[in-house]
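S.K.: quick one, what's the 3D model for this:
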Amino acid sequence: MSIQQYYLQNANSYLQACIASLSMLAALLGSFLLMPAKPPFILAAVPFLFFTFIHFQGFLLNTRRSRESSPADSANGQAPAALLQQEHLLLGFAPAPALKMLLFFPDGMLAGQVREEEEKKWRWFLPYVVDKHIRKNYVLFDTGGRFLARVAVMGAKANVFNREGKLIGRFDGKARRGLLLGDNRLFSVKHQSTLFTDLRFVEDEGLVFSQLQRGWMKTEWQKCFSLNTPVLSFDTDTCEHERLMTLAAIAVEYSYVNN
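M.R.: Residues are numbered from 1 along each chain as shown. Next up is the predicted model:
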């Protein structure tokens, strides 16, 4: 998958939502016409029309983005660096009951994804306040389908396991604190901007080993991505376990962002 296909999928999701809303509105109109006493149809129609308008704007926006994006051939045919060796990754979020986070290389090609191990369709109908209390297992795969890590989430707390199934760390989303096991290093997740759009992952000694930013990207990336796309950046000395903990913390922070 490329970023262009991602925008097309988003556009299709918005369009399907518009069609579903208009279908329900048509059914509602039919039932109103069969009633002996005609209730004020326009009052009942307003929420459906507003929902349709908002989602149609999302359809137009993502359609335009898909036309404007032009993923480059990966380094002129050369294989990109492994997912957990990248300095920068760009994030996209697909519709899911809780989370489906797509990770892209700067050239617009898919690097991997974080998604639920088992996605149960009935959970689409659960309200957020109920679903957030259900235990979830997120898994990280690279673009070749290779399993890299698992994140077990209960509420705002997460346990992170590497590909061998070994527990490597814990994260508490409420306290915004994490612990890297092995060397018992603590880290915090801090807001970098007053708009609460940027996150920094900081060890207790003050070292920033990764950060997530919106509204910033290199000029050459803008031919593939919209300017507001989240950019995840790692320090050159960031180890694999720190990268996995960063992705786990983002999964907890961004759950339900596109459901």
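S.K.: list the buried residues for the longest helix along the chain?
M.R.: Scanning the chain for the helix with the most residues, using DSSP state H, yields helix 3-34. Of all the residues in helix 3-34, those buried under the rule 16 or more other C-beta atoms under 10 Å are 3-4, 6-11, 13-15, 17-18, 21, 25. No exception for glycine: its C-beta is placed from N, CA and C like everyone else's.
S.K.: in the residues you listed, find the pair that's most separated.
M.R.: I3 and L25 (33.2 Å; C-beta to C-beta).
S.K.: ends of stretch 144-159, what's the gap?
M.R.: Distance across stretch 144-159, first residue to last, is 25 Å (C-alpha to C-alpha, to the nearest Å).
S.K.: tell me the buried residues in it?
M.R.: Within stretch 144-159, the residues scored as buried using 16+ other C-beta under 10 Å are L148, A149, R150, V151, A152, V153, A158, N159.
S.K.: could you dump those into JSON lines and include pLDDT?
M.R.: What follows is these, written out as JSON lines (pLDDT from 0 to 100):
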{"residue": "L148", "pLDDT": "94"}
{"residue": "A149", "pLDDT": "95"}
{"residue": "R150", "pLDDT": "96"}
{"residue": "V151", "pLDDT": "96"}
{"residue": "A152", "pLDDT": "96"}
{"residue": "V153", "pLDDT": "94"}
{"residue": "A158", "pLDDT": "95"}
{"residue": "N159", "pLDDT": "96"}
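S.K.: just these: which are in strands?
M.R.: L148, A149, R150, V151, A152, V153, A158, N159 (DSSP state E).
S.K.: quick one: which of those is nearest to G169?
M.R.: Set against G169, the nearest of those by C-beta to C-beta is N159 (7.8 Å).
S.K.: give the contact list for the closest residue in space to the closest one that isn't next to it in sequence.
M.R.: Excluding its sequence neighbours, the residue lying closest to N159 (C-beta to C-beta, 6 or more residues apart in numbering) is A152, at 4.6 Å. Applying C-beta atoms under 8 Å, 6 or more residues apart in numbering to A152 gives the contacts R135, K136, N137, Y138, A158, N159, F161.
S.K.: try 7 Å
M.R.: N137, A158, N159 (C-beta atoms under 7 Å, 6 or more residues apart in numbering).
S.K.: before we move on, back to that, among the ones in strands among the buried residues of stretch 144-159, which pair sits farthest apart?
M.R.: L148 and V153 (16.5 Å).
S.K.: in the sheet, who's paired with K100?
M.R.: R115 (DSSP bridges).
S.K.: quick check, it in contact with G112.
M.R.: No - taking C-beta atoms under 7 Å as the definition, K100 is not a contact partner of G112, at 11.8 Å.
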